[in-house]
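S.K.: Quick one, what's the 3D model for this:
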Amino acid sequence: MRFAIIALLVATLCRPAFAATNDKSHTFIPATAIAPDAVMDLIHTLGHKGAVQLLTSDTSPYRWTAVLQSISTGTPEWLNVARELSYGVDAVSAADLQVPLAAALTQNPVGVLSLVDNNLLTVPYLCSGPFYDAIFLPLYLRDTKKALESLKEPAVEQYRLECLYKIETAIEIHKALNEPPPPEEEIKPAETKKEEMKIDPPPLVEGKKKEPKKRSKKRTAKKSDKDAEDD
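M.R.: All right, here's what the predicted structure looks like:
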């Protein structure tokens with residue numbers, strides 16, 4: 001359901017959308033003709049939860065999408081409608097409402113940040129960038145960051161800084177998840193020949209050097225007599 005809403009928000013709705021009347025009859029009017037005052041009247045008549053339940057019922061799936069598409073324009077009137085609807089949404093419709101408010105953040109950052117409250121419309125809710133398209137998301141984050149950086153409005157300065165931090169964090173996460181992996185190192189083939197074992201010579205032992213043996217006098221004298229006889 002949510003993915004369908006995101007897709008339909010991009011295109012202009014040409015099919016008719018259901019608009020509730022006082023007698024709750026099924027009256028169909030073009031989606032582009034839905035006025036914010038009509039939705040506000042519905043909220044005043046049925047209450048916040050009753051209006052959301054009627055807008056999101058299965059009798060016509062296009063009326064809720066038409067309202068969300070109008071909120072994504074970021075006009076003050078439709079942002080006021082979004083504030084009132086936020087008091088009646090459940091978990092599913094709250095996720096649906098988050099999408100057009102995120103889109104409106106780029107169009108009217110002051111108006112969207114002015115919606116911040118302690119109920120549903122917190123900075124994390126408004127500045128999460130709930131888009132999953134790999135091509136659209138980085139463009140959305142870039143444009144939203146640019147809009148927030150150029151925003152000069154003291155009344156929402158604190159929310160602007162918090163929102164800008166979340167958008168910049170989302171940019172870094174998206175970049176990290178989509179960077180190509182580093183090239184793998186070339187694996188060298190295993191060597192088949194074993195390295196030859198090298199035997200180191202034994203260490204020298206320090207000590208006294210051996211002196212050459214001295215010839216005995218007796219042996220020398222005998223050698224001299226033998227030489228004399230030969231003569």
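
S.K.: just the strands in the protein please.
M.R.: Taking DSSP state E to define them, one finds strands in the chain at 16-19, 27-30.

S.K.: weakest of those in terms of mean pLDDT?
M.R.: Sorting the strands of the chain by mean pLDDT places strand 16-19 lowest, at a mean of 34.

S.K.: I'd like the mean pLDDT over the single longest helix found in the chain, please.
M.R.: Scanning the chain for the longest helix, with DSSP state H as the assignment, gives helix 157-178. Confidence for helix 157-178, expressed as mean pLDDT, is 91.

S.K.: before we move on, what about stretch 97-106?
M.R.: On average, the pLDDT along stretch 97-106 is 95.

S.K.: who's in contact with that stretch?
M.R.: Stretch 97-106 has contacts (CB atoms under 8 Å, 6 or more residues apart in numbering) with 2, 5-6, 9, 68-69, 71-74, 78-79, 82, 85-86, 89, 111-113, 115, 121, 125-131, 140, 143-144, 147, 163. Every C-beta, even on glycine, is put in place using the N, C-alpha and C of the backbone.

S.K.: Put the buried members of the residues you listed into a ChimeraX selection.
M.R.: Applying 16 or more other CB atoms under 10 Å to the contacts of stretch 97-106 leaves a buried subset, and the ChimeraX line that selects it is:
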select :5,6,9,68,69,71,72,74,78,79,82,85,86,89,111,112,113,115,121,125,126,127,128,129,130,131,140,144,147,163
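
S.K.: distance of residue 66 from residue 89?
M.R.: Using CB to CB, to the nearest Å, we find residue 66 at a distance of 16 Å from residue 89.

S.K.: where does this structure have its least confident helix or strand?
M.R.: Ranking every helix and strand in the chain by mean pLDDT, DSSP states H and E puts strand 16-19 at the bottom, with a mean of 34.

S.K.: Low-confidence ranges, this protein, go.
M.R.: Along the chain, segments meeting pLDDT under 70 span 1-33, 60-61, 181-182, 184-231.

S.K.: all helices of it, in order?
M.R.: Counting by DSSP H, residue ranges of the helices within the chain are 2-10, 36-55, 62-71, 76-85, 91-107, 109-113, 123-126, 136-149, 157-178, 217-230.

S.K.: Burial-wise, tell me which of these comes out on top.
M.R.: Mean neighbour counts were taken over the helices of the chain using mean count of other CB atoms under 10 Å, and the top value, a mean of 24, falls to helix 62-71.

S.K.: tell me what it is packed against?
M.R.: Other elements packing on helix 62-71 under the criterion 3 or more CB pairs under 8 Å, 6 or more residues apart in numbering; DSSP states H and E are helix 2-10, strand 16-19, helix 36-55, helix 76-85, helix 91-107.
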